[in-house]
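J.: Next one to model:
(2 chains)
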Amino acid sequence: MNATPHIIESALLLLAAFLLGCLLGFALRRIFPRPATAEASIIPDRVQPDPVPSEPAKAKPVLRKVPVDEEPELLSAPRDGIADDLKKIKGIGPKLEQLLNQNGVFHYDQIASWNRKAVALMDEKLAFKGRIERENWVAQAKALKKAKSA
Amino acid sequence: MSLSVVVYLLQIYWPFLLIALAIGIATGWYSQTDAEEGTKQ
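T.: Presented below is the predicted three-dimensional model:
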């Protein structure tokens, strides 16, 4: 056997090995499904009950990570008359702070308590166009709240 | 592409084929999303 490089044959063999691996991997995943983890349990698809409930009266308790009351907490005035400096949150300037204040948001803990639904609500209400999530206001507010209470 | 060439390549380049197989297995494994798996169960 000469040592000439059989490029096409090599490529075909590699491709065949890769495709065989794909099939093997796919089949193995089907045979051995990954056990459900705690992280997976918060994926909505898994949390949702079956579309065809067998016993509607005995509905399984659904694990809800979000509270039932999804409305964000809004205040008519700051607690103790002193509002937090929301401008410390990156992405909030004087105008946005004023707008938030006008809509009942004065404190870090208010923003920190927002869940996805509340974020979406506020985003829509104040026409922030996804800024809250994009600029991670909730995480920033949590950090500021922690720093404030420390 | 004769059989002798294939056998020769298998003899010489088997580690690379093994690597390709491993990459393929990983690709096949991760090509299924959790959602797909969930609907199956």
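
J.: quick one: contacts for residue A:108?
T.: By Cβ atoms under 8 Å, 6 or more residues apart in numbering or on different chains, residue A:108 lies in contact with A:84, A:86, A:89, A:141-142, A:144-145, A:148. Any C-beta I mention is one placed from the backbone N, CA and C, and that applies to glycine too.

J.: That should have said residue B:28, apologies.
T.: Counting by Cβ under 8 Å, 6+ apart, residue B:28 has contacts A:21-29.

J.: which one of those residues sits closest to residue B:14?
T.: Nearest to residue B:14 among these is residue A:21, at 14.0 Å by Cβ to Cβ.

J.: and the closest one, how many residues sit next to it?
T.: 23 (other Cβ atoms under 10 Å in any protein chain shown).

J.: in what helix or strand does it lie?
T.: Residue A:21 belongs to helix A:7-31 when assigned by DSSP states H and E.

J.: what comes up buried for that helix?
T.: By neighbour count on 16 or more other Cβ atoms under 10 Å in any protein chain shown, the buried set for helix A:7-31 is A:9-10, A:13-14, A:17-18, A:20-22, A:24-26, A:29.

J.: Report the central residue of chain A.
T.: Nearest to the mean C-alpha position of chain A, by Cα atoms, centre = their mean, lies residue A:116 at 7.1 Å.
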